[in-house]
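J.: Give the three-dimensional model of this entry:
(chains A, B and C)
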Amino acid sequence: MKKDKKIPTATKAKSYTFFEDVYDVVRQIPKGRVTSYGAIATYLGTKLSARMVGWAMNAAHNAKPAVPAHRVVNRNGMLTGKHHFATPTLMEELLKREKIEVKKETVVDFEKLFWDPSEALAL
DNA sequence: GCATTGACGAAGG
DNA sequence: CCCTTCGCCAATG
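T.: Predicted coordinates:
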């Protein structure tokens, strides 16, 4: 198969692999769990570029199947990306739907709900 | 082609 | 303990 997926402005088949990896990892996040950009970045080996993970999520809006970006928060457990959703409250709604408590734009018991890809996917 | 920004993170003051 | 700065890499202006 082929496929060039459809990553906008990904400079042809080259760096867009990074996007695929991010999407793949995020989709594997168990329901009712959350993770951080840094954790994903670290798993991909780009821990020094956690920002790129967030950047990838930006393109994830167009990715299919839709990437559960609502399960991805910053290292503080804060829903920093909620403003990028269809509505600023959508992210909280989705999390609460998975029994995840959200208080003041922050995931409650973030440490317990934290899902580490490096551990789950264990290489 | 250079300057700015960005869904982050860690370190310094 | 809170705020500011730097780093990283890619995209956008």
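J.: Flag every residue of chain A that's near DNA strand B.
T.: By CB under 7 Å from any atom of the strand, the part of chain A that sits against DNA strand B consists of A:36-39, A:41, A:50-55, A:57-58, A:60-61, A:69, A:72, A:74-76, A:80-81, A:83-85. Every residue, glycine included, has its C-beta placed from N, CA and C.
J.: Which secondary structure elements does the helix or strand harbouring A:R51 sit against?
T.: Assigned by DSSP states H and E, A:R51 belongs to helix A:50-60. Judged by 3 or more CB pairs under 8 Å, 6 or more residues apart in numbering; DSSP states H and E, helix A:50-60 is in contact with helix A:17-27, helix A:37-44.
J.: Determine the angle, from 0 to 180 degrees, between the shortest one and helix A:50-60.
T.: Relative orientation of helix A:37-44 with respect to helix A:50-60: 100 degrees, computed using axes from the mean of the first three to the mean of the last three CA atoms, to 10 degrees.
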